[in-house]
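K.L.:
Pasting the sequence and the predicted model now:
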Amino acid sequence: MNLQTFYITQSGFKICITLLFALLLTLLFEYNILAFLITTCLVFCLFIFRNPERSDKHISQDAFLAPIDGIIENILSQNQETIIVVKTGILDAGVVRAPYTSDTYEINKTNGIPLYFSTSKHHLAPHFYLKTPNFSIDVQQELLSTIPFDPIMPTLERNERIGFLKCGISTISVKNLKIQVNIGDKIRGGESILGYINEN
């Protein structure tokens, strides 16, 4: 089984394993109050780093899916390109998925410092980028700095996991998109349809 399909994401493995080890030690030495606190933290981490399975089998192949859970903050149109800005909160599932199939793609990461409460977070935050001929995604990480996943296949399949975001902004630029959503809509990565791409 690929690590990307476990119940929790790769980004949460180390944290959850560390908490589990600490929990076993506190139970061994009978520190009950501390064990309760660690158990609470462990349950919270399992929720935060959850990796839900989402199916797109019933959805049309020209549908452009939401890459991440969140709320649409802005929609802009520039020439033949539509730009959609999505805000992801701490309670949203943080798995970033490929919204559309592409034969060629490029994934890059820019290092930075995740400063959730800073007014300068846009300039200093780490980013990772997915770029294809039809669309691009810029993911700004405000709480955690994570490494994007390395897809196994040379072709990027729709709904494939490509990264993780917990609190941040995703800016999605799509060419020739017939938009199906509005500002303020709540979306689910791998399920919600943002629009339909006209490749003709």
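P.N.:
Right, received. Where do you want to start?
K.L.:
how deep is the nearest residue to residue 110 once chain neighbours are set aside tucked in, by neighbour count?
P.N.:
Excluding the flanking residues, the one nearest residue 110 by C-beta to C-beta, 6 or more residues apart in numbering is residue 127, at 4.5 Å. For every residue, glycine as well, the C-beta is placed using N, CA and C. If you count neighbours by other C-beta atoms under 10 Å, residue 127 ends up with 18.
K.L.:
what residues are up against residue 127?
P.N.:
For residue 127, the contact set (C-beta atoms under 8 Å, 6 or more residues apart in numbering) comprises 109, 110, 112, 138, 139, 140, 141.
K.L.:
Can you pull the domain assignment for this structure?
P.N.:
Using the TED database, the domain ranges for the chain come out as 10-49, 63-197.
K.L.:
quick one: the last one to chain centroid distance?
P.N.:
The gap between the average C-alpha position of domain 63-197 and the chain average comes to 7 Å, counting by C-alpha atoms, centre = their mean, to the nearest Å.
K.L.:
how long is that domain from one end to the other?
P.N.:
6 Å (C-alpha to C-alpha, to the nearest Å).
K.L.:
Give the rounded mean pLDDT of it.
P.N.:
Averaging pLDDT along domain 63-197 gives 88.
K.L.:
re earlier: what sits opposite the residue nearest to residue 110 in the beta ladder?
P.N.:
With DSSP bridges as the criterion, residue 127 is bridged to residue 110, residue 140.
K.L.:
can I assume residue 104 sits in a strand?
P.N.:
No - Residue 104: not assigned to a strand; according to DSSP: H, G, I helix; E, B strand; the rest coil it is coil.
K.L.:
Quick check: the gap between it and residue 27.
P.N.:
51 Å (C-beta to C-beta, to the nearest Å).
K.L.:
which stretches of this structure form strands?
P.N.:
For the chain, the strands defined by DSSP state E occupy 63-65, 70-78, 81-88, 95-97, 106-110, 127-131, 135-141, 161-164, 168-175, 177-179, 186-187, 193-197.
K.L.:
Could you point out the longest helix of this protein?
P.N.:
helix 10-28 (DSSP state H).
K.L.:
Can I get that one in CSV, CA atoms only?
P.N.:
C-alpha atoms of helix 10-28 as CSV (Å, rounded to 0.1, in the frame of the first residue of the first chain):
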residue,chain,number,x,y,z
GLN,A,10,2.5,11.3,5.5
SER,A,11,2.8,14.8,7.2
GLY,A,12,1.1,13.5,10.4
PHE,A,13,2.9,10.1,10.8
LYS,A,14,5.8,11.4,12.9
ILE,A,15,3.6,13.5,15.2
CYS,A,16,1.1,10.7,15.8
ILE,A,17,3.8,8.1,16.4
THR,A,18,5.6,10.4,18.8
LEU,A,19,2.4,11.0,20.7
LEU,A,20,1.6,7.3,20.8
PHE,A,21,5.0,6.5,22.2
ALA,A,22,4.6,9.2,24.8
LEU,A,23,1.2,7.8,25.7
LEU,A,24,2.6,4.3,26.2
LEU,A,25,5.3,5.7,28.5
THR,A,26,2.8,7.7,30.6
LEU,A,27,0.6,4.6,30.9
LEU,A,28,3.6,2.5,31.9
